[in-house]
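Fold the following for me, if possible:
(2 chains, ligands or ions: 2)
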Amino acid sequence: MSASTETRVPEAAKRTTAGWSQSLHDWVTTVDHKRLGILYIAAGFFFLVIGGVEAILMRAQLAVPANTLLEPQEFNRLFTMHGTTMVFLVGMPIITGFGNYLIPLMIGARDMAFPRLNAWGFWMFLLGGIVLYMSYFASMGLYGAGTAPDVGWFAYAPLAGKAFSRGNATDYWILGILISGFGSVSGAINMVTTTLTMRCPGMKMNRLPLFVWMMLVVSFLILLALPVLTGAQVMLLFDRFMGAHFFDTQAGGDAVLWQHFFWFFGHPEVYILMIPGFAYASEIIPVFSRKVIFGYSFMVAATIAIGLVAVGVWAHHMFTVGLGKGLSVWFAVMTMIVGIPTGIKLFNWIATLYGGKILLRTPMLFCIGFIGQFLVAGLSGILLSGAPLNWQLSDSYFVVAHFHYVLIGGLVFTIFGACYYWFPKMTGRMLSERLGRWHFWLFFVGFHLTFTTMHVQGVLGMPRRIYTYPAERGWEVWNAISSSGAILQALGVAVFLFALVQAFRRPQWAGPDPWNAWTLEWSTSSPPPAYNFLTIPEVRSRRPLWDLKHPDDPDWEHE
Amino acid sequence: MTQPLALPMEPATWNRGRVGMACLIFGESTFFSVFVVAYLFYIGKSASGPQPSDVLEFPVFATVCLLSSSATAGLAVKALTQSNTVRAGLALALTVGLGAGFLGATANEWFGLIYGHGLTIGTNLFGTTFYSLVGFHAAHVGLGLLMLTLVLGGVLGGKVGAGDSERVEMVTWYWHFVDAVWIVVLTTVYVVGV
Ligand code: HEM
Ligand SMILES: [Cu+2]
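Ligands and ions are numbered 1, 2, ... in the order given. Okay, here's the model as predicted:
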C-alpha cells in the first residue's frame, strides 16, 4: 500500500499563491468545516505546548526533594493552569477539530449543518482560552492578590468563593471556561444536526463509520454536561460578585454542592474526551489490520452504554467526602459497570487485530500503545472505584497515574495516531515515517517512565498537588524517574513538530487514498476541494471504498 | 471559496432547523436543571427570613399570560403557513403582548419583594436561589420575546411570509420551551417551595 503515495503535486495543494494578508483574511473569515477543523486542531496543539511547559516546570520542581525552584503558590497556579488547559483548551478543541473536519467528509456532505455557527464556536473557544491566560497579566484586580488562578482544575467551592480566593484570578478561570463552553455546545449542536440530517444517499445509521457514531454520542454528552458546568459557574459568579450564597457555608450554603455539580459535569467530561480516542482507534485499527472492525454493532451499543452509565457515576470522585453507605455502594457498583462496555470495546479491537495482516505504520503504533495503556488505565480505574480502597488512594499520585494513563496513554496517543493518519488528507502530504517512529518511541518510553512510576508513589502515600516533599520518605527515586520521563515526552513532541515542518519543506505527496482505506473521506482529493465532493456519493455498505475497489466482492453482499 | 453554501430549508420532518433547535433546547434544559436542583436542595435551609411562604403569591396573571401566549404563537405559525399574513401579524402581536405582560408581572413581583420585603439575592438562600432561577427564566422569556418581535416586524414589513413559516415555527419551538420551563419553575417555586 505504500505504493499508492504519489509523486505528482496534487492540484489542491498548489493553490498557495494568494498573498499573505489575503490568506490570513481567508482563514479568519472562513466558515469551511475543513479549515475550522484545522484551526481547532492547531489551536489545540498551541495550547498543548503551553500546558506541556507548565508540566515540565512542575516536574522540575518535584525532581528532587526539598526543591526551591518554584514558590508554593506558583506551583498551585501551575497545576491549575495545566489541568484546565489540557482539558478545556487541548482536549476539547482537538476532538472538536477532528469531528469538524471528518464528519461531513465521512458522511458524504459538503459542510456542517450550520457553517457560521461553526465559525462562531471556534472563535468563542479561542476567546475563552485567551481570557484564561489573560489572568497572568490582568488579574491583580482590586485587591492586588493573585496572578493566575490557583484553585485547581475543579475549583472546589467554597474555597473558590470570595472569602478564600481573593483578587480576580478565579474569575478569569470561571469566565474563560464559561466562554469556551459556549463554543463546545454550539459545536455539539452542529455535529448532531449534521450527522442526523446531512448523510448522503444510502448512508443509513447502521452504515455510519464508527467515528461518526462515537462523535454523535460525544455530542450528546456535551449537550448534557457542559451546561451543568456553565450553570454552576454562573452560581459561583453570583456568589463572588453579587453576594449570593450558593456555596457560602456561613449562610447555610452547602460545602459539597459544588462538588456534585462539578463532577456531574466532570465525569461525563472525561468520556467526552476519551470516546473520540476510541473513535480514532476504531478507524485506524481495521485499516492497518486489513480487516473490517470486529463487532460493529457491539461497538455502537457499547458506546451508547458508556454514555448512559457515565451520567450516573460522578460521585466516585467524592468517596472521601463521606457519602454514606448507600451512595458509596451505588457509585462504586455503577462505576464498575462501566468496565463492561469498555471491556467489550477492548476485546473488539483485539479481535480486529487477531488474524489480520498487521501493518505497523506510525498511526497503528500509536493505536497499539493505546490498547495496552488504556487497559491498565481501566483497571486502575476499577481499583479506584472500590470505595474502601479509594479512601486510601484518593488524592494520591495513584489517581494522577490513573488519569494520565487515560488522558495521555489513551487520548493523546490516539490523537497522535489520528494526526499521522489524517494529516495526508488534510494537507496532501505524508508525515515522515522515520520521524514518526522516533516520535512514537520517545513518547512511549517517556510516558511510561513518568506515569507508570506514579502508581508506586501513590501507593507509597505521596499526595497529589504538593509542591515539594522531604527526603526520607522513599519517594525520591520514583520522582526522579518521573521527571526524566517528562524530558523524553517533550522530545517526542518536538520531533512531531519537526515532522510537521518537514512535511512542508520536503513534501512527500499523498494521493487521495495513501492508506488504501475504506471510508468516504479517502474518495476525494487530498486536501479535498472546498465543496468536498463533486457529486454527492451514494453508498451501499459500511466500506464504500472497498465496494468501489472490489466490484467482484462488494461488502453489501455480506452485511 | 469560503462562502457558506446556500442550502434551502428542507421540508422534511426532521430537517436541520428542527434538529438544531431540539439540541439547543436539550442543552438549555440541562442548564435549567442545575438551578432547579439548587432551589429544591435549599428549600427551608435559609439561615434567616423572609421565607417563601411569607412573601410569595401564586402568580396567576403571569401564568395565564405565558401559557396562552403559546397558543397564540401556534396560531401565528398556522396562519403564516396559509399565507394569511394579517392573521399571523395579529397573533404574533398578541403573543408579544402576552409575553410582555408576563415580564411586567415579574417586574412587579420583584419590585414588591425588594422594596416591600427587603428580599435580595444576598439576603438568604431563598433569595439566592429564587432570583437566579426565576431570573434566568425571565431572561429567556426576554430572548424569546426579542425573536418574536423581530418576526413580527418582518411580517408587518412584508419581509416574512409563508415561505418562512418553517423558520418562524422554530422560534415558536423556543417559545414553547420557555413556556414549559415556566411550568417547572412554577411547580418548584410556588407549589413545592412554599
Ligand atoms: C473503566 C473506566 C474508568 C473507571 C472505572 C474510572 C474510575 C475513576 C475513579 C474511581 C476516580 C476517582 C479517583 C479519586 O479521585 O479518588 C477516577 C478519577 C479520574 N478519572 Fe477515571 N475511570 C475510568 C475511566 C476514565 C477515563 C476514560 C478518563 C478520561 C479520559 C478518566 C479520567 C479521570 C480523571 C481526570 C480523574 C481524576 C479527576 C481529578 O481528581 O482531578 N477516567 N476515575
Ligand atoms: Cu469519573
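
Every contact and neighbour count from this point should use C-alpha atoms.
OK.

now the helix or strand hosting A:H439: mean pLDDT?
Under the criterion DSSP states H and E, the helix or strand holding A:H439 is helix A:433-459. Averaging pLDDT along helix A:433-459 yields 97.

give me the number of residues near residue 31?
By default, I'm working from chain A. 24 (other Cα atoms under 10 Å in any protein chain shown).

that answer is for a different chain, and I need it for chain B
Using other Cα under 10 Å, the number of residues around B:F31 comes to 22.

mind listing what A:G161 touches?
A:L236, A:D239, A:R240, A:F247, A:D248 (Cα atoms under 8 Å, 6 or more residues apart in numbering or on different chains).

Let me see the backbone angles for it.
Phi and psi for A:G161, reported as degrees, to the nearest 10, are phi -80, psi 180.

if I look at it, how far off is A:A148?
Taking Cα to Cα, to the nearest Å as the measure, A:G161 falls 16 Å from A:A148.

Check A:Y397 too.
Distance from A:Y397 to A:A148, by Cα to Cα: 24 Å.

Please apply the same query to A:T170.
With Cα to Cα as the criterion, A:T170 and A:A148 are 8 Å apart.

Point out where the stretch 101-250 of chain A drops to low pLDDT.
Scanning the stretch 101-250 of chain A for pLDDT under 70 picks out the ranges A:139-146.

Before we move on, what's the pLDDT of B:A73?
pLDDT at B:A73 comes out at 97.

now do A:R8
pLDDT, A:R8: 60.

any residues touching stretch A:116-129, and which ones?
A:30-31, A:33, A:36, A:39-40, A:43, A:85, A:89, A:93, A:112, A:175-184, A:186-187, A:190, B:4.

for that stretch, the distance to its chain's centre please.
17 Å (Cα atoms, centre = their mean, to the nearest Å).

cool, and stretch A:189-199?
21 Å.

repeat for stretch A:419-432
19 Å.

what does that stretch rub up against?
Applying Cα under 8 Å, 6+ apart, the set of residues contacting stretch A:419-432 is A:10, A:12-13, A:34, A:38, A:284, A:362-363, A:436, A:499-500, A:502-504, A:507-514, A:521-522, A:525-528.

Up against chain A, what does chain B have?
Residues of chain B lying close to chain A (Cα under 8 Å from any Cα of the partner chain) are B:1-5, B:14-16, B:19-20, B:23-24, B:26-28, B:30-35, B:38, B:42, B:45-47, B:121-125, B:128-129.

which of A:Y397 and A:A148 has more neighbours?
Between A:Y397 and A:A148, counting by other Cα under 10 Å, A:A148 is the more crowded of the two (27 against 24).

Quick check, the more buried one in contact with A:M81.
Yes - using Cα atoms under 8 Å as the test, A:A148 is close enough to A:M81 to be in contact (7.5 Å).

Would you indicate which residues of stretch A:428-444 are buried?
Across stretch A:428-444, burial judged by 16 or more other Cα atoms under 10 Å in any protein chain shown covers A:428-432, A:435-444.

re the thing from before, Produce a ChimeraX select command limited to the buried residues of the contacts of stretch A:419-432.
Applying 16+ other Cα under 10 Å to the contacts of stretch A:419-432 leaves a buried subset, and the ChimeraX line that selects it is:
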select /A:10,13,34,38,284,362,363,436,499,500,502,503,507,508,509,510,511,512,513,514,521,522,525,526,527,528
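
Could you list which of the contacts of stretch A:419-432 also contact chain B?
Taking Cα under 8 Å from any Cα as the test, chain B is in contact with none of these.

Thanks a lot, see you next time.
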